[in-house]
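# okay, here's the prediction I keep looking at, along with the sequence it came from:
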Number of protein chains: 2
Amino acid sequence: MSIVVQKYGGTSVGDVDRMKRVADRVARTHRDGNQTVVVVSAMGKTTDDLVSMASRISERPPERELDILLTSGERISMSLLAMALHDRGVPAKSFTGSQAGIITDAVHGKARIIDMTPGRVQEALDQGSVVIVAGFSGVSQDTKDITTLGRGGSDTTAVALAAALGADVCEIYTDVDGVFTADPRIVPGAKKLDHVSYEEMLELAAQGAKVLMVRSVEFGRNHGVRIHVRSSFSYMAGTWVGPEEDKVEDAIISGVAHDTSEAKLTVQGVPDRPGVASRLFSTLAEEQVNVDMIVQNVSSEGRTDISFTMPRGEAGNARGVLEALADEIGAEGVRVDEDIAKVSLVGAGMKTHPGVAAKMFGALSAAGVNIEMISTSTIRVSVVVAKDDVETAVQAVHAVFGLGDDPLPEEVH
Amino acid sequence: MSIVVQKYGGTSVGDVDRMKRVADRVARTHRDGNQTVVVVSAMGKTTDDLVSMASRISERPPERELDILLTSGERISMSLLAMALHDRGVPAKSFTGSQAGIITDAVHGKARIIDMTPGRVQEALDQGSVVIVAGFSGVSQDTKDITTLGRGGSDTTAVALAAALGADVCEIYTDVDGVFTADPRIVPGAKKLDHVSYEEMLELAAQGAKVLMVRSVEFGRNHGVRIHVRSSFSYMAGTWVGPEEDKVEDAIISGVAHDTSEAKLTVQGVPDRPGVASRLFSTLAEEQVNVDMIVQNVSSEGRTDISFTMPRGEAGNARGVLEALADEIGAEGVRVDEDIAKVSLVGAGMKTHPGVAAKMFGALSAAGVNIEMISTSTIRVSVVVAKDDVETAVQAVHAVFGLGDDPLPEEVH
C-alpha cells in the first residue's frame, strides 16, 4: 500500500464549498487504496485576519503568543476537513503539528524542524484513517511551546511528513497548474514544466518563483522526497520536482524567475583594505539583515563601492546600521535604491553549456535593458535591473532561449 | 504571595476593547502582588460561529473533531490576552488546557477532569508571569486527544486550577453583579447575595440559576475552593461561594431559581409491581436520557402514573424509547408536556425550620398557580408549574419569604 501526502493551501480550502471539494479529492485518493496524509493551511484570509486582530491588541505582539494565535487558523481547517471526510464515509483524524511529532527549535515565527516523530500519524494510518495534519506548526523541543515555521511553512510540514513516513509522493496542491518557465502574467506564452530538479527548483524558488518555498525543496532534496506541484482545481498532472536523473527532457534552461521585493544598498568609497568587507557584512549579520546578492567593483584610487540587495522592507533598518558604520570605516556614504528588480535564468544544463550568460546579456541589451548588478551560480545567472524594466527583461530572456511559445522579439532576431 | 485564579467569560472578552479592559484588571491584580492565573472563554459568539460552520460541513460532525474545532476559540482569546498584557508591561504566557495539565477522560464534548498536573503553570508563575489558560478544554489521559468539558466548562477549568494550585480565591467574572435571590428580570426587587454555601449554590445552579455551572461548584466544594462570582464591568464585591460556616447572615432562604428548559413525560397506567420503575429508568439511563425530577403517584386499581422531567431537546428521543417500552411492560401510554417550568426555593436554613414548603405552596395557591409536581431535598423545594405561570410563581415565592425589596402582593397578605 502506498503512502501519499497531500498539501492544500489557503486558497484551496478558502471556504466551505472548496473544503468539500478538497474532501472529495482526498476521499478519492483514500478509496484508490492509498494511505493518505493531508496537510492543510488556514482557510483563505484567516491568518491575515488573526494578524490584524493581534495588531489591534498590541504594537509588538510577543512571538510566542503570536504563534499560538496563528495556529488556530490551521486548527479550524483541519477539524472541518476531518468532518467533511466523515460525512463522505471516510474515517479521518486530525492532528496538530505537535501531535503529529513535528519537533522544532524554539525560534518563534520561523522555527526549523529538528526532529520528526510521527508515531500517532502512522498509528492512525494503520487503523485505516485518513490523517489530517495542521500545516505551518510544530512544538519546540526545549520549551514545549507551540511554534510556527514561517511563510510557506505548510509546504515544509508536508515534505517533512512525506520524508518521515517514507511516502511515495508529496503532492502540493495550489491555485496554479505547476511550475512555469516564467510568470504567465508577464509572459503569456510561458509553458508548464513537466519536471524540474531539486537544484533548479531551489534556485527558482530563491529567485522569486512563489509556487514552492525554498525550505520545503531543501527538505525534499535532503530526504529524496518526490514532490508533485499541481492544481487543486483540476486533475491534470502538474510539475514533478525530483532528482536530476529523473528528467527525460534535455533542456538546458528551465525557466526565468523574477523578484521585485528587494532593494539595492551601496556603500560608496569604501577604503580598499583587508577586513573592511568582512566588518561590513558581519555587522549586518548581527543585525539580522538578510543579504542576497553582493557585488564589489574593482578598486580605483584605493577606494571601492560595495553593493548588495536585501528585502526592501528591512532596508531602512540596514541603512541606519550602515551609516553608523560608514563613519567608522571611513567610507564616503550610503545609497539606497528601492526601484530595482532581479531577473534570474535557471537551468541545470548551463553547467555544461558555456555562453548562456552572454546570450542572456545580449538579449537584455537588444531590448534596451541596462544591467546594474550580476551574480551567478553553476546553474543560475541573475541580474539586477531597474524595476520599470522587469517585464521587458523577463520577456526578452524567455524568448531568446525559446522557452515558450512566444515569438522572438524583432530586436533580437 | 497569594495565588488568584480569575475566569472571564465570552461576554467579558467579547471584542478587542473589552479584552483590553480585562487586561487592565489582570494587570492590576498582578501589580497588587498576586500570582495570577487567568482562565478565558472564547470571544463573544465565536463558539456559536464555529458550531455553525461545522454544521455546514457535516450533519453529524464527529465529536473528536468538533472538540478540536471549538477549542480554537479559546486559543485565540488566550493569546490575544497575553499580547494585551505584554503591551501593559506585564509578562504573560498562555497555555492550552493540555499544556496546563488538565487531564480528562475521553468523553468528547463533556469530558470530566480526572487529574490535574499544572507543573508548567506553577513554573511560569514562579518566573513572575501572569499565566493564561484556555478554559473549557483538556486532554484525554488514554488517547491524548483534545477534549472539551461541555457548557460552562471554563468555570470548571478555573476552579480545578484554583484547587490544584492551592489558590486563595477563584474569581468568576461575568456580566451580572453576583448571585441574586431571584432572576432580576422577573423580580425587579431581587437582591444580590453576599454569600451562599456550596450546597445552596449547587441547588441553585442545578435548578436553573445560570451564573455558575453545577460541576464547577461541586469541584469547589470537594476541594474547598473559595469562589467569588462578580462582574467584569465594575469593581464591586459580588457573591462569595464557600463552606456554610463562612456565612455571617442567618437567612433561612437564599433564593428562588427557575428553569424553563425541561419537558415533563408521563408513562400512564403502569402496572404496579416490583421492578417496573427500575426497568423504566435503567432503560432511559442506557439511552443517556438525563432524568431530573421523578414523581410516582399512589396506585389505583393496580396501576400508577410515573412522571419525570428532562431536557426538552431530548424529549423526542425519550418518547420513542418509552413508547417501545410501554408495550413491553403493559403500560397504557406516554404523554409529553413541553409547556412546563420548574420553580425552586433553596436555603440551608430550611433543614431546621419546618413549614417552609407549606408556606411556599400557600403563596402559589394564593397567586392562582397550580402545582403539577413536587420534589424536595433537605435544602430545596421544587415545584413544576405551567410555563405561563412561571413569572407569577417566582414573584409570589420571592415575596412571601421577604427575600428582596419587593412588596408582598395583595393576595398573600
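Good, I have the coordinates.
# when you work out contacts or count neighbours from here on, use the C-alpha atoms and nothing else.
OK.
# got the residues of the stretch 51-200 of chain A near chain B?
With the criterion set to Cα under 8 Å from any Cα of the partner chain, the stretch 51-200 of chain A comes near chain B through A:53-54, A:56-62, A:65-66, A:68-69, A:72-73, A:75-76, A:79-80, A:82-84, A:86-87, A:93-94.
# low-confidence regions, the stretch 151-300 of chain A specifically.
Residue ranges of the stretch 151-300 of chain A with pLDDT under 70: A:246-250.
# show me the residues of the stretch 51-200 of chain A next to chain B that map onto helices.
With helices taken from DSSP state H, the overlap with these comprises A:53-54, A:56-57, A:65-66, A:68-69, A:72-73, A:75-76, A:79-80, A:82-84, A:86-87.
# for ChimeraX, write a command that selects the buried ones of these.
With 16 or more other Cα atoms under 10 Å in any protein chain shown as the criterion, this ChimeraX line picks the buried residues out of these:
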select /A:53,54,57,65,66,68,69,72,73,75,76,79,80,82,83,84,86,87
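# ok, the residue in the stretch 301-413 of chain A that chain B sits nearest to - how many residues close by?
For the stretch 301-413 of chain A and chain B, the shortest gap (Cα to the nearest Cα) falls at A:Asn317, measuring 22.9 Å. The tally of other residues near A:Asn317 (other Cα atoms under 10 Å in any protein chain shown) stands at 12.
# and it, what helix or strand is that in?
Secondary-structure assignment from DSSP states H and E places A:Asn317 in helix A:315-329.
# what does A:Met201 give?
Taking DSSP H and E as the criterion, A:Met201 maps to helix A:198-206.
# in chain A, which residue is closest to the centre?
With distances taken as Cα atoms, centre = their mean, chain A has A:Met213 as the residue nearest its mean C-alpha position (2.2 Å).
# am I right that A:Tyr8 is in contact with A:Cys170?
No - contact status for A:Tyr8 versus A:Cys170: not in contact, 11.1 Å apart, counting by Cα atoms under 8 Å.
# need the distance between the two termini of stretch A:202-215.
Between the opening and closing residues of stretch A:202-215 we find a distance of 8 Å, counting by Cα to Cα, to the nearest Å.
# so how far is it from its chain's centroid?
4 Å (Cα atoms, centre = their mean, to the nearest Å).
# same question for stretch A:160-170.
Computed by Cα atoms, centre = their mean, the chain-centroid distance of stretch A:160-170 equals 19 Å.
# before we move on, what about stretch A:88-105?
On the basis of Cα atoms, centre = their mean, stretch A:88-105 is displaced by 23 Å from the centre of the chain it belongs to.
# same check on stretch A:60-70?
Its chain's C-alpha centre and that of stretch A:60-70 lie 23 Å apart, by Cα atoms, centre = their mean.
# convert the C-alpha atoms of that stretch to PDB, please.
Backbone C-alpha positions of stretch A:60-70 (Å, rounded to 0.1, in the frame of the first residue of the first chain) are rendered in PDB as follows:
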ATOM      1  CA  ARG A  60       4.600  44.400  19.100                       C
ATOM      2  CA  PRO A  61       2.800  41.200  20.000                       C
ATOM      3  CA  PRO A  62       5.200  38.700  21.700                       C
ATOM      4  CA  GLU A  63       6.200  36.000  19.200                       C
ATOM      5  CA  ARG A  64       5.300  33.100  21.400                       C
ATOM      6  CA  GLU A  65       1.800  34.300  21.700                       C
ATOM      7  CA  LEU A  66       1.500  35.200  18.000                       C
ATOM      8  CA  ASP A  67       2.400  31.600  17.200                       C
ATOM      9  CA  ILE A  68      -0.400  30.300  19.400                       C
ATOM     10  CA  LEU A  69      -2.800  32.800  17.800                       C
ATOM     11  CA  LEU A  70      -1.900  32.000  14.200                       C
END
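# contacts for that stretch next, please.
Residues outside stretch A:60-70 that contact it (Cα atoms under 8 Å, 6 or more residues apart in numbering or on different chains): A:47, A:50-51, A:54-55, A:108-109, A:145-148, B:75-76, B:79-80, B:82-84, B:86-87, B:93-94.
# repeat the analysis, applying 7 Å as the threshold.
Outside stretch A:60-70, the residues that touch it by Cα atoms under 7 Å, 6 or more residues apart in numbering or on different chains are A:47, A:50, A:54, A:108-109, A:146-148, B:75-76, B:79, B:82-83.
# nearest to B:Thr157 among these?
Distance to B:Thr157 across the contacts of stretch A:60-70 (Cα to Cα) is lowest for B:Arg75, with 14.4 Å.
# what values do phi and psi take at the residue lying closest to A:Arg56 once chain neighbours are set aside?
Distance criterion Cα to Cα, 6 or more residues apart in numbering or on different chains; nearest residue to A:Arg56, sequence neighbours excluded, is B:Val16 at 7.3 Å. Dihedral angles of B:Val16 (phi, psi; degrees, to the nearest 10) stand at phi -60, psi -40.
# residues near B:Val16, how many?
Neighbour count for B:Val16, taken as other Cα under 10 Å: 18.
# where's it relative to A:Gly73, distance?
From B:Val16 over to A:Gly73 (counting by Cα to Cα), the distance is 18 Å.
# cool, A:Ile172 as well?
When distances are taken as Cα to Cα, A:Ile172 and A:Gly73 turn out to be 19 Å apart.
# how about A:Ile132?
14 Å.
# for A:Asp32, same thing?
Applying Cα to Cα, the value for A:Asp32 to A:Gly73 is 30 Å.
# how about A:Thr143?
To A:Gly73, A:Thr143 is 22 Å away according to Cα to Cα.
# again, but for A:Ala27
With the distance defined as Cα to Cα, A:Ala27 ends up 23 Å from A:Gly73.
# ok, how many other residues are close to whatever residue of the stretch 201-350 of chain A ends up closest to chain B?
Closest contact between the stretch 201-350 of chain A and chain B, by Cα to the nearest Cα, is at A:Ser232 (18.8 Å). Using other Cα under 10 Å, A:Ser232 has 23 other residues around it.
# hmm, A:Ser12 and it touching each other?
Yes - under the contact definition of Cα atoms under 7 Å, A:Ser232 touches A:Ser12, with a separation of 6.3 Å.
# where along the stretch 101-250 of chain A do the helices fall?
Ranges of helices within the stretch 101-250 of chain A are A:119-126, A:153-165, A:198-206, A:214-223, based on DSSP state H, counting those that start in this stretch.
# B:Met43: which of the ones you listed is closest?
Using Cα to Cα as the measure, helix A:153-165 is the one of the helices of the stretch 101-250 of chain A that comes nearest B:Met43, at 27.0 Å.
# now the angle from that closest one to helix A:214-223?
Taking axes from the mean of the first three to the mean of the last three Cα atoms, to 10 degrees, helix A:153-165 and helix A:214-223 form an angle of 10 degrees between their directions.
# quick one: buried residues of helix A:153-165?
Applying a neighbour-count criterion of 16+ other Cα under 10 Å, one finds A:153-165 buried in helix A:153-165.
# what's the answer for stretch A:233-241, then?
Within stretch A:233-241, the residues that qualify as buried by neighbour count (16+ other Cα under 10 Å) are A:Gly238, A:Thr239, A:Trp240, A:Val241.
# so which of these reach chain B?
When the buried residues of stretch A:233-241 are checked against chain B using Cα under 7 Å from any Cα of the partner chain, none falls in range.
# make a markdown table out of the residues you listed and add distance to A:Glu286.
Converted to a markdown table, the buried residues of stretch A:233-241 look like this (distance: Cα to Cα, whole Å):
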| residue | distance to A:Glu286 |
| --- | --- |
| A:Gly238 | 41 |
| A:Thr239 | 39 |
| A:Trp240 | 38 |
| A:Val241 | 35 |
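# now the two most distant members of the residues you listed.
Of all pairs drawn from these, the greatest distance, 9.8 Å, lies between A:Gly238 and A:Val241 (Cα to Cα).
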